[in-house]
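> fold the following.
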Amino acid sequence: MRNVVVVLAHPDDETFICGGTMAKFAAEGDRVTLVCATKGEMGRRLGVPVTATRETLWQLREQELREACSALGIERLVFLGLRDKTLEIQPSGYLKARVLHWLRELQADVVVTFHERLGGHPDHCAIGAAATSAYLLWEKEHRGAQLSFITWENVASRPERHGFSKAQVQKIDVTPYARAKFLAFRAHRTQSQMNDWLWRSEKEGIARLTGHEYQLLYRES
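Below you'll find the predicted structure:
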C-alpha cells in the first residue's frame, strides 16, 4: 500500500482532469489523500439553474468535493484554506511550507500535482510549483518518493515540445473506473450541470468520458 498525496487547486480538479486515475489508485489499494488549496469560491458557474450565490458557493463546492472523493475512493480530504484565484500571489515559501507539512504528515510515497508551467490556470501552476518544491525537500527525507504531473492528451502526445521525453509520459487506461468518474462528475453539480449529456442516461454519460488519462513523470534535470 502506498500513500498517494494529490495536491491540487480547486474542487473538481481531481475529477475533471484525473478522476479515473484517482479511482485506479484507490482500487489498487493505495491510500489516497487529496490536498485541495481552495474551495473554488470564485468560480463563475453557480449551477443550472442557479443554485448558489457568491456567498454560498464555497459551501456547495466543499460538499460536492466530499461527494466526489467518496465516489473516487479518495480516503482523506485536506483543505489548505486559501482563497480561490490568489495562489499565484501567495508567497512561494509559504505555499511550499504548507504542502511540505502534509507530505510529511501523510508520509507521501507518491505526489501528484500540476506542472508549474503546463497547468493551464494560474492557480494550477502556483500550487504545482509549490508542490514540486516541497517534494524536492521531502524526497531527501523519504528516498524513493515519486512525483508526477497530471496533464492533457495534447501535451502528452508531443512531450518534447514541453521539455519532457516520451519515456516520461504515462498513458493510463481508466475505462474500468469510468462509472466512479461519472459519479464524481455528477457530484460536482454546480460545475457540470451545463453538460446536458452528463445528465441523460448513465450509459450515455459513461460513454462520453475519455478512456485514458495522462501524467508526466518528474525527472530531475
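> where do the helices sit along this structure?
All helices of the chain, identified by DSSP state H, fall at 13-16, 19-27, 57-72, 92-106, 122-141, 153-156, 178-187, 189-192, 202-208.
> worst mean pLDDT among those helices?
Least confidently modelled of these is helix 189-192, at a mean of 88 by mean pLDDT.
> can I get it in PDB? Just the C-alpha atoms.
C-alpha atoms of helix 189-192 as PDB (Å, rounded to 0.1, in the frame of the first residue of the first chain):
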ATOM      1  CA  ARG A 189     -23.300  19.700  -9.900                       C
ATOM      2  CA  THR A 190     -22.600  23.500  -9.900                       C
ATOM      3  CA  GLN A 191     -19.900  22.900 -12.400                       C
ATOM      4  CA  SER A 192     -21.300  20.000 -14.500                       C
END
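> hang on, the earlier thing: nearest to Gly40, out of the helices of the chain?
If you check each of the helices of the chain against Gly40 by C-beta to C-beta, helix 57-72 wins as the nearest, at 4.4 Å. (Each C-beta comes from the backbone N, C-alpha and C, glycine too.)
> what residues of the closest one count as buried?
The neighbour-count check on helix 57-72 (16 or more other C-beta atoms under 10 Å) flags 57-58, 60-62, 64-65, 67-69, 71-72 as buried.
> do the same with stretch 159-173
If you call a residue buried by 16+ other C-beta under 10 Å, then stretch 159-173 has these buried ones: 159, 164, 168-170, 172.
> and if you look at stretch 80-91?
Neighbour counts over stretch 80-91 (16+ other C-beta under 10 Å) mark 80, 82, 84-85, 87, 90 as buried.
> endpoints of it, how far apart?
With C-alpha to C-alpha, to the nearest Å as the measure, stretch 80-91 spans 14 Å from end to end.
> got it, and stretch 107-126?
Span of stretch 107-126 from end to end, C-alpha to C-alpha: 22 Å.
> so how far is it off the chain centroid?
Relative to the centre of its chain, stretch 107-126 is centred 8 Å away, using C-alpha atoms, centre = their mean, to the nearest Å.
> same check, this time on stretch 200-219
Per C-alpha atoms, centre = their mean, the displacement of stretch 200-219 from the mean C-alpha position of its chain is 14 Å.
> re earlier: for the helices of the chain, give me CSV that also has distance to Leu217.
Formatted as CSV, these follow (distance: least, C-beta to C-beta, whole Å):
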stretch, distance to Leu217
helix 13-16, 19
helix 19-27, 13
helix 57-72, 22
helix 92-106, 18
helix 122-141, 12
helix 153-156, 11
helix 178-187, 22
helix 189-192, 29
helix 202-208, 28
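> Cys36: which of the ones you listed is closest?
When the helices of the chain are compared (using C-beta to C-beta), the closest one is helix 57-72, at 6.7 Å.
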